[in-house]
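A.B. asks: Have a look; sequence and predicted model below, questions after that.
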Amino acid sequence: MSETISALNNAGFSGLVRIDETGLQGMITLRGDLSLATVKKVATTASGAAFPGQRQITVSDTGALAWMSPDELLILCPYEDVSDRLAKMTKSLGNTNALAVDVSDARAIFAISGEDARDVMAKLCPVDLHPEVFKPGEIRRTRLAQIAAAIWMEDDDTFRLICFRSVAQYAYDALKVAAAAGSAVGFHAAQDPA
């Protein structure tokens, strides 16, 4: 029987920051009217996390819930739990005009960690990453060089990045170049409000 592996099979790199493809991650896209009580309840029950505000991600012990657009949420959960959670979501949605889809195998996730993480990400993403503007718990859909991506911060020195699995190698290579030894810019360290 074949073994399920992530896009880059847990590849890792150390430079200005640590870059890791984090392996298999359960991901369910939920599209629908986010103001509906049914949609909110299904999302929070499936993720175990609080309902996020615009451009926010909330985290619990059993998953996370990310606001992706005015009619889209992303539920993160253990990879092995996706089928069960998706079945419960579909049943709970009933006739609600909404769509829940397993996108786990269509995406890749990277962790970018270290004190220069903001600078590394700023080289590749057109997002204001100033510590007073982009904080842990916020998420943005953006570009990573030439590809679509979503980024958020877990803490002051750790980003998570989601991209399509088909461009995971490109994302990894771009991140490695941005984190290469000798490429530090020190911009965000000078901006740290602490």
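C.D. replies: Perfect, I can see it now.

A.B. asks: Just list the residues touching residue 60, thanks.
C.D. replies: Taking C-beta atoms under 8 Å, 6 or more residues apart in numbering, we find residue 60 in contact with 47-50. Backbone N, C-alpha and C define where each C-beta goes, glycine included.

A.B. asks: Also residue 19?
C.D. replies: Contacts of residue 19 (C-beta under 8 Å, 6+ apart): 12-13, 110-112, 172, 175-176, 179.

A.B. asks: about what we covered before: now intersect the contacts of residue 60 with the helices, please.
C.D. replies: Those of the contacts of residue 60 mapping onto helices are residue 47, per DSSP state H.

A.B. asks: Give me the three-state assignment for residue 182.
C.D. replies: Applying DSSP: H, G, I helix; E, B strand; the rest coil to residue 182 yields a three-state assignment of coil.

A.B. asks: Just the pLDDT at residue 186, thanks.
C.D. replies: As predicted, residue 186 sits at a pLDDT of 84.

A.B. asks: Spatially nearest residue to residue 149, not counting backbone neighbours?
C.D. replies: Take residue 149 and drop its neighbours on the chain: the residue closest to it by C-beta to C-beta, 6 or more residues apart in numbering is residue 163, 4.6 Å away.

A.B. asks: elements contacting the helix or strand containing that neighbour?
C.D. replies: For residue 163, the host element (DSSP states H and E) is strand 158-164. Here strand 158-164 touches strand 107-113, helix 117-124, strand 147-155, helix 168-178, going by 3 or more C-beta pairs under 8 Å, 6 or more residues apart in numbering; DSSP states H and E.

A.B. asks: So residue 118 sits against residue 129, correct?
C.D. replies: Yes: with contact defined as C-beta atoms under 8 Å, residue 118 reaches residue 129; the gap is 4.8 Å.

A.B. asks: more crowded one of these two?
C.D. replies: Here residue 118 and residue 129 are compared on neighbour count by other C-beta atoms under 10 Å; more neighbours surround residue 118, at 24 against 21.

A.B. asks: shared neighbours of residue 118 and residue 129, anything?
C.D. replies: Common contacts of residue 118 and residue 129 (C-beta under 8 Å, 6+ apart): residue 188.

A.B. asks: and after the helix or strand containing residue 86, which helix or strand comes next?
C.D. replies: Residue 86 belongs to helix 82-93 when assigned by DSSP H and E. Next along the chain after helix 82-93, taking DSSP H and E as the criterion, comes strand 99-102.

A.B. asks: Next, the contact list for residue 117, please.
C.D. replies: 17, 157-159.

A.B. asks: now, among those, which is nearest to residue 97?
C.D. replies: Lowest distance from residue 97 to the contacts of residue 117 (C-beta to C-beta) belongs to residue 159, with 34.2 Å.

A.B. asks: Return the distance of the residue nearest to that closest one when sequence neighbours are not counted relative to residue 137.
C.D. replies: Ranked by C-beta to C-beta, 6+ apart and with sequence neighbours excluded, the top spatial neighbour of residue 159 is residue 112, at 4.3 Å. Going from residue 112 to residue 137 by C-beta to C-beta, to the nearest Å gives 16 Å.
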